[in-house]
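S.K.: Below is the sequence, then the predicted model.
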Amino acid sequence: MHVSHLSLADFRSYARVEVPLDPGVTAFVGPNGQGKTNLVEAVGYLATLGSHRVSSDAPLVRMGADRAIVRAAVVQGDRQQLIELELNPGRANRARINRSSQVRPRDVLGIVRTVLFAPEDLALVKGDPGERRRFLDELITARSPRMAGVRSDYDRVLKQRNTLLKSAAMARRHGGRGLDLSTLDIWDQHLARAGAELLDRRLDLIATLRPLAEKAYEQLAPGGGPVSFEYRGPEALAGAHTREELYEALLTALAEVRKQEIERGVTLVGPHRDELLLQLGRLPAKGYASHGESWSYALALRLASYELLRAEGNEPVLVLDDVFAELDARRRERLAELVAPGEQVLVTAAVDDDVPDVLVGARYAVSEGVVERL
């Protein structure tokens with residue numbers, strides 16, 4: 001699978017730009033702040049409905065515009081599809097496939113799949129647990145686009161449950177009679193049902209990803225490691241394997257903390273609170289791994305993701321956003337050798353020398369919003 005054409009209107013710094021793309025390696029080269037990352041960010045948005053740089057859509061719309069358009073032609077085997085997303089901050093986004101009538105934005109998930117390498121990846125190792133949960137959930141959705149709906153359902157139930165708990169906590173603090181919490185059992189069941197499906201997919205992903213990450217780390221840092229990781233949730237999950245067992249375990253965990261939840265006004269148990277513990281040798285990677293080891297670990301997670309998606313069909317687009325400038329010479333060359341055979345590899349770099357020689361392919365110069373093929 002590869003993107004054969006990218007079209008942007010009022011996206012980031014671009015009023016309008018058309019970029020034809022080939023399979024193989026394409027490098028966008030130019031000084032910082034000229035719009036290179038904006039191009040690959042748009043490709044990533046088509047794959048995840050989100051940006052690797054910001055948490056909302058508003059910064060993606062060019063200043064002065066009220067919407068942005070991201071459109072791409074995608075080739076998979078003999079089939080070509082045209083997908084389009086219209087970003088409307090403060091309003092519902094819109095989507096089209098093959099210029100058909102409007103579809104839900106999440107209906108485009110799975111048409112484009114990407115694995116992104118970026119300086120922000122260090123947060124996978126050094127950042128808070130939310131970064132690692134996001135990594136897991138985006139990869140889950142790439143494997144099974146319908147999980148976007150499950151994640152949305154979980155977030156909706158969590159928000160409504162938190163609203164009820166917050167109201168109860170405020171009533172208690174002001175000495176009033178407690179709210180009617182008879183509906184809390186129903187919200188527990190909804191939360192546990194969606195949460196059990198999400199947990200089931202996370203645990204399956206971790207078991208599949210672990211050996212791939214171990215191999216990738218050894219390729220990037222021979223003799224280093226070993227690396228390993230495990231999922232950390234409430235004790236009630238221990239021994240739960242099937243989705244139904246996970247559902248019952250979540251209900252048990254929620255019952256155990258209900259008093260504290262009512263006091264604090266927030267949901268204390270569920271996939272939104274869990275952690276992926278990364279270990280390097282016998283120590284937690286966070287806080288103990290060196291800068292180079294942290295980079296190797298983050299890159300290994302991305303390489304493992306790529307190998308997993310490729311093995312399941314529909315090879316993803318590899319995006320390397322200004323990552324080579326962050327690496328020492330050894331890691332730079334090893335990473336380049338590992339990704340070079342990809343069906344489509346998109347690279348951004350400030351100067352030509354930051355693109356390893358093994359990544360031979362098309363070159364674009366990017367300067368002041370102008371994208372010119374060399």
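M.R.: Structure received. Numbers count the residues shown, from 1 in each chain.
S.K.: Sketch out the helices for the stretch 101-250 of the chain, chain order is fine.
M.R.: Secondary structure of the stretch 101-250 of the chain, counting by DSSP state H, counting those that start in this stretch: helices at 123-126, 129-143, 147-173, 184-220, 243-264.
S.K.: what's the residue lying closest to Val360 once chain neighbours are set aside in contact with, if anything?
M.R.: Among residues not flanking Val360 along the chain, Val25 sits closest, at 6.3 Å (Cβ to Cβ, 6 or more residues apart in numbering). (C-beta placed from N, C-alpha, C; glycine too.) Counting by Cβ atoms under 8 Å, 6 or more residues apart in numbering, Val25 touches 340, 345, 347, 359-362.
S.K.: Please identify the member of the residues you listed with the greatest number of neighbours.
M.R.: Counting neighbours by other Cβ atoms under 10 Å, Val347 comes out on top of these with 27 neighbours.
S.K.: Which strand or helix spans that residue?
M.R.: In this assignment (DSSP states H and E), Val347 forms part of strand 344-349.
S.K.: mind listing what that strand pairs with, with the direction of each?
M.R.: strand 24-29 (parallel), strand 317-321 (parallel) (DSSP bridges).
S.K.: quick one: that strand to chain centroid distance?
M.R.: Relative to the mean C-alpha coordinate of its chain, strand 344-349 is positioned 18 Å out (Cα atoms, centre = their mean, to the nearest Å).
S.K.: how about the helix or strand following it as CSV, C-alpha atoms only?
M.R.: The element immediately downstream of strand 344-349 (helix or strand, assigned by DSSP H and E) is strand 361-367. C-alpha atoms of strand 361-367 as CSV (Å, rounded to 0.1, in the frame of the first residue of the first chain):
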residue,chain,number,x,y,z
GLY,A,361,14.7,7.8,-3.9
ALA,A,362,12.8,10.9,-4.7
ARG,A,363,13.8,14.3,-3.2
TYR,A,364,11.6,17.4,-2.6
ALA,A,365,12.9,20.7,-1.6
VAL,A,366,10.6,22.5,0.9
SER,A,367,11.0,26.2,1.4
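S.K.: rewinding a little: in the sheet, who's paired with the residue nearest to Val360?
M.R.: Under DSSP bridges, the beta-bridge partners of Val25 are Val345, Gly361.
S.K.: That one and Gly361, how far apart?
M.R.: Taking Cβ to Cβ, to the nearest Å as the measure, Val25 falls 3 Å from Gly361.
S.K.: shared neighbours of those two, anything?
M.R.: Between them, Val25 and Gly361 share the contacting residues Val345, judged by Cβ under 8 Å, 6+ apart.
S.K.: how near is Gly35 to Glu41?
M.R.: Gly35 sits 10 Å away from Glu41, going by Cβ to Cβ.
S.K.: Enumerate every residue touching the residue positioned nearest the centre of the chain.
M.R.: For the chain, the residue nearest the mean C-alpha position is Glu138 (4.0 Å; Cα atoms, centre = their mean). Glu138 makes contact with 48, 50, according to Cβ under 8 Å, 6+ apart.
S.K.: Neighbours of Leu205, how many?
M.R.: Using other Cβ under 10 Å: Leu205 sits among 21 other residues.
S.K.: so what's it up against?
M.R.: Neighbour list for Leu205: 136, 139-140, 143 [criterion: Cβ under 8 Å, 6+ apart].
S.K.: Can you give me the domain boundaries for the protein?
M.R.: Using automatic domain parsing, the domain parsing of the chain gives 1-113+315-374, 119-313.
S.K.: got TSV for those, with mean pLDDT too?
M.R.: Below are those laid out as TSV (pLDDT from 0 to 100):
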stretch	mean pLDDT
domain 1-113+315-374	94
domain 119-313	92
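S.K.: mind listing what's buried in stretch 98-114?
M.R.: 105-106, 108-114 (16 or more other Cβ atoms under 10 Å).
S.K.: Could you dump those residues into a markdown table with distance to Arg193 added?
M.R.: Converted to a markdown table, those look like this (distance: Cβ to Cβ, whole Å):
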| residue | distance to Arg193 |
| --- | --- |
| Pro105 | 24 |
| Arg106 | 20 |
| Val108 | 26 |
| Leu109 | 22 |
| Gly110 | 24 |
| Ile111 | 28 |
| Val112 | 30 |
| Arg113 | 28 |
| Thr114 | 30 |
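S.K.: So which of those belong to strands?
M.R.: Using DSSP state E, the members of the buried residues of stretch 98-114 that fall in strands are Thr114.
S.K.: Closest one to Leu184 out of the buried residues of stretch 98-114, please.
M.R.: Arg106 (29.1 Å; Cβ to Cβ).
S.K.: how close does the nearest residue to that closest one once chain neighbours are set aside get to Ile140?
M.R.: Of all residues not flanking Arg106 in the chain, Ala148 sits nearest, at 4.5 Å (Cβ to Cβ, 6+ apart). Ala148 is 9 Å from Ile140, where distance means Cβ to Cβ.
S.K.: Glu326 too?
M.R.: Glu326 is 27 Å from Ile140, where distance means Cβ to Cβ.
S.K.: dump the residue contacts of the nearest residue to Leu303 once chain neighbours are set aside.
M.R.: Leaving aside its chain neighbours, Leu303 sits nearest to Ala216 (3.9 Å; criterion: Cβ to Cβ, 6+ apart). Contacts of Ala216 were listed using Cβ under 8 Å, 6+ apart, and they are 299-301, 303-304, 307, 338.
S.K.: All the strands of the stretch 1-150 of the chain, residue numbers only.
M.R.: With DSSP state E, counting those that start in this stretch as the criterion, the stretch 1-150 of the chain has strands at 2-11, 14-20, 24-29, 68-76, 79-87, 94-97, 114-117.
S.K.: Run a quick neighbour tally on the residue lying closest to Leu136 once chain neighbours are set aside.
M.R.: In space, and not counting its chain neighbours, Leu136 is closest to Arg202: 5.2 Å by Cβ to Cβ, 6+ apart. A total of 20 residues lie near Arg202 under the criterion other Cβ under 10 Å.
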